[in-house]
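> Need the 3D shape of this:
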Amino acid sequence: MAHDEQTPPPQDHSHEHGHGHEHGHSHDHGSERGPVADASVRVARVSDAPAVGLVQAVVYREAYAGTLRDEVLARFEPRVFTSAWRESLTNAPSRDHLLLVACAGEQVVGLAAVGPSSDPDGEETAELLVLAVHPEARRQGHGSRLLHAAVDTARGRDRHVLAAWVLATDDHTRAFLTAAGLETDGAHRERVVDAEGTTAREVRLSAGLAPEAE
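Okay, the predicted model is just below:
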């Protein structure tokens, strides 16, 4: 799961998610079960908001288990994420935000959000704000397809680096991104994750984006 700088409660995520679009939960990692017929990645539509909200709620509850109290995890409801995404897809935060969805047939099973980095050293960086795949659709290549599409999106916006913030305890996501070519770059932060001021340590992974071969 990749993360933006905002706090986890659903109502706080909409600013980083856009029609043109970090929260980085990435969970399509590990050994692949193999490709799925009619698997694809496309730009999200407003009508995708309910499916995207469901995937994000499920993944966030899983990723933050053990970090947040049960009553905070309970706030990760699909309807709240759906509302935030519907607004964000209708009124994109910026031209550089893009939301991509992974589909198995017509069913949305994953999402990747890309946007400009807000880090002080991120002038040429695109940030992988969200990368999430529903648990029942993992190990079928959706995560890899989403990540490849995110890289293409970043290149298309003339960004030279792709970065993602990941929970320091999320070894699974870090391993997935590392296998894809991203590396920890020494940056870290303490992220406030609830109203009581609880923090979670995050580390940043990044990779330079070489121009596509002609």
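> Let me see the backbone angles for residue 66.
The phi/psi pair for residue 66 (degrees, to the nearest 10) reads phi 90, psi -20.
> repeat for residue 119
Phi and psi for residue 119, reported as degrees, to the nearest 10, are phi -70, psi 150.
> Residue 206 contacts residue 163, correct?
Yes. With contacts counted by C-beta atoms under 8 Å, residue 206 reaches residue 163, the gap being 4.0 Å. Where you see a C-beta, it was placed from the backbone N, CA and C, and this is true even at glycine.
> what sits in contact with each of the two?
125, 182, 185 (C-beta atoms under 8 Å, 6 or more residues apart in numbering).
> Show the average pLDDT along the helix or strand harbouring residue 83.
For residue 83, the element it lies in under DSSP states H and E is helix 78-90. Mean pLDDT, computed over helix 78-90, is 96.
> Which strand residues bridge the spatially most central residue of the chain?
Centroid-nearest residue in the chain: residue 130, 1.1 Å away (criterion: C-alpha atoms, centre = their mean). In this structure, residue 130 bridges to residue 113 when assessed by DSSP bridges.
> ranges for the helices of the chain?
In the chain, the helices defined using DSSP state H lie at 49-64, 70-73, 78-90, 142-156, 171-179.
> TSV for those, including mean neighbour count and distance to residue 191?
Formatted as TSV, the helices of the chain follow (neighbours: other C-beta atoms under 10 Å; distance: least, C-beta to C-beta, whole Å):
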stretch	mean neighbour count	distance to residue 191
helix 49-64	22	11
helix 70-73	13	14
helix 78-90	20	18
helix 142-156	21	21
helix 171-179	18	15
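> looking at these, which is closest to residue 109?
helix 142-156 (5.9 Å; C-beta to C-beta).
> For the closest one, name the packing helices and strands.
Secondary-structure packing of helix 142-156 (3 or more C-beta pairs under 8 Å, 6 or more residues apart in numbering; DSSP states H and E): strand 39-43, strand 98-104, strand 107-116, strand 125-133, strand 161-167.
> any low-confidence regions in the protein?
1-37, 212-214 (pLDDT under 70).
> 50 - rerun?
Within the chain, the segments meeting pLDDT under 50 span 3-25, 29-32.
> circling back: wouldn't the residue nearest to the centre of the chain be in contact with residue 110 here?
No. Using C-beta under 8 Å, residue 130 is not in contact with residue 110; the gap is 9.8 Å.
> any idea how far residue 147 is from residue 89?
Distance, residue 89 to residue 147, by C-beta to C-beta, to the nearest Å: 21 Å.
> actually residue 114, not the one I wrote
Per C-beta to C-beta, residue 114 is found 10 Å from residue 147.
> what's the answer for residue 131, then?
Relative to residue 147, and taking C-beta to C-beta, residue 131 is found at 7 Å.
> Repeat that for residue 86.
25 Å.
> OK, contacts around residue 122?
Per C-beta under 8 Å, 6+ apart, neighbours of residue 122: 116, 161, 163.
> Could you rerun that using 10 Å?
116, 159, 161, 163, 187, 204, 206 (C-beta atoms under 10 Å, 6 or more residues apart in numbering).
> Can I get those residues in JSON lines including neighbour count?
What follows is the contacts of residue 122, written out as JSON lines (neighbours: other C-beta atoms under 10 Å):
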{"residue": "116", "neighbour count": "21"}
{"residue": "159", "neighbour count": "22"}
{"residue": "161", "neighbour count": "19"}
{"residue": "163", "neighbour count": "24"}
{"residue": "187", "neighbour count": "16"}
{"residue": "204", "neighbour count": "24"}
{"residue": "206", "neighbour count": "25"}
